[in-house]
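Trainee: how would this look folded up:
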Amino acid sequence: QVQLVESGGGLVQAGGSLRLSCAASGRTFNNGAMGWFRQAPGKEREFVAAIKWNWGTTYYADSVKGRFTISRDNAKNTVYLQMNSLKPEDTAVYYCAAVKTAITGLLIAPRLYDYWGQGTQVTVSS
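Mentor: Residues are numbered from 1 along each chain as shown. Model (predicted):
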């Protein structure tokens, strides 16, 4: 049984930083990718960042480029999202997701992903 468990969310002031973690268990994703999505109240789930597991290639939404960094630890089967210079508009529930086979052009699409975590709340106060 595959599980993705997120941690690291919380309340932070604008300009601050948080690091989210997502630990995967039950399988590895050597040919796949892991991504972070977020969903604010009343809005659709949106792509934040993704990383291909084998080569470590990363992808970012324009809204977070230069502020967020996605990375992975192969030994721990864990992916991280380092979030710096946080803004109030970054407030959302952040979800980790994993896909068994990575297709570069589709990594921004939630429907592509096979597994999802339970989500962790990130709140940025102004």
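Trainee: which residue packs closest to T57, ignoring adjacent ones?
Mentor: Once flanking residues are discounted, T57 sits nearest to I51: 6.9 Å by Cβ to Cβ, 6 or more residues apart in numbering. (Glycine included, C-beta is placed from N, CA and C.)
Trainee: name the element that neighbour belongs to?
Mentor: Per DSSP states H and E, I51 falls inside strand 46-52.
Trainee: returning to that earlier point: for the residue nearest to T57, give its distance to R72.
Mentor: Counting by Cβ to Cβ, to the nearest Å, the gap from I51 to R72 is 6 Å.
Trainee: Which residues are in contact with each of the two?
Mentor: 34, 79 (Cβ atoms under 8 Å, 6 or more residues apart in numbering).
Trainee: More neighbours: which of the two?
Mentor: Of the pair I51 and R72, I51 is the one with more neighbours under other Cβ atoms under 10 Å, namely 25 against 20.
Trainee: show me what contacts the more buried one?
Mentor: For I51, the contacting residues are 33-35, 57-59, 70-72, 79, by Cβ under 8 Å, 6+ apart.
Trainee: Could you do N54 as well?
Mentor: Counted by Cβ under 8 Å, 6+ apart, N54 has contacts 30-31.
Trainee: Which pLDDT value goes with it?
Mentor: At N54, the model reports a pLDDT of 89.
Trainee: Please give me every residue in contact with the residue of the chain positioned farthest from its centre.
Mentor: In terms of distance from the mean C-alpha position of the chain, S126 ranks first, at 22.9 Å (Cα atoms, centre = their mean). The contact partners of S126, by Cβ under 8 Å, 6+ apart, come to 14, 88.
Trainee: partner residues bridging the residue nearest in space to the middle of the chain?
Mentor: Geometric centre of the chain, nearest residue: W36, 1.9 Å, by Cα atoms, centre = their mean. Beta-bridge partners recorded for W36 (DSSP bridges): A49, C96.
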